[in-house]
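1. Provided below are the primary sequence and the corresponding predicted coordinates.
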Amino acid sequence: MKKFASLIVIALYLQVSAVNAQPSPTSSTDEFISGQIVLPDNSIVSGSLKENIRKKGEVIVLNGEKKTKYKAGDISSVNIGNARFLIYNYTFYEVISEGRNITLLRKANEPSGVQYNGSDAIVISSEGDIDDLFIRKTGDASLQLLTKKNLKEVLGKICSTCVAAIDNSKFDAESVKKAVEDCDSCK
C-alpha cells in the first residue's frame, strides 16, 4: 500500500511539474502601436511603441527583437497612435486640445521622486494628480492647473472678452476642452 501511495504522489508531482513547465505565451506585438518619439536633440525615433506611461512612466520601442525603454527625462514628446504626449519636468502630459494660443493638457503620470543628472540625485515633484487638467499658453513654458474653482479666473485672464460664456458648472474633460477651444478662438 505504501508503494502504491508513493507512486500516486510521484505521478501527481510529475504531472504538476509538466504543467508548470509549459512555455508561457510570449508577449505579442499586438500591444505595440506605430508611433514616434522626439528626443531632446530633436532627432526622431519611429517604430512600434508600447505605451506604459500610466503604470511605469515609460515608453518602450520595439526594434526587431530589441526593446528600448525611454523615461520622461529621456524624451521631449511622444506620438502613439492618435495620442500625443508632451514632457514637462519629467512628467508625461497628454495633449487634449491644441489651439493657436492655448494648449489643454492632462497629467498622465507621477514622476518618480528622484531623477539622476549624472551622479547627482535630483528630487522631482509636479503639481496636481494624474488626470488633472492643465493649460499652457503659447510662448510660456509653465503649466497652470485648472480646477472647478479657478477655471473662469484662469481662462478670464487669457480671454477676458469671452469670460462670461465660460460655464464652470460642469468640470469634465469634454466641457473644459470646449471652454478652452472657445477661449482660444475668442478675441
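-> Alright, I've got the coordinates. Just so it is clear, the structure is predicted and the values come from calculations on it, not from any experiment.

2. what sits up against stretch 49-60?
-> With contacts defined as C-beta atoms under 8 Å, 6 or more residues apart in numbering, stretch 49-60 is touched by 31-37, 61-62, 67-72, 75, 78, 80, 83, 85, 92, 108-112, 130. Heads up, the C-betas are built off the backbone N, CA and C, glycines and all.

3. show me the residues you listed that map onto strands.
-> 33-37, 61-62, 67-71, 78, 80, 83, 85, 92 (DSSP state E).

4. which among those residues end up buried?
-> Burial by neighbour count, 16 or more other C-beta atoms under 10 Å: within the ones in strands among the contacts of stretch 49-60 this picks out 35, 37, 61-62, 70-71, 78, 80, 85, 92.

5. buried set for stretch 74-83?
-> Neighbour counts over stretch 74-83 (16+ other C-beta under 10 Å) mark 75, 77-80 as buried.

6. mean confidence score for it?
-> Regarding stretch 74-83, the rounded mean pLDDT is 92.

7. how far does it stretch from start to finish?
-> End-to-end distance of stretch 74-83 (C-alpha to C-alpha, to the nearest Å): 19 Å.

8. which parts of this structure are helices?
-> Along the chain, the stretches classed as helices by DSSP state H are 2-20, 53-56, 151-158, 173-185.
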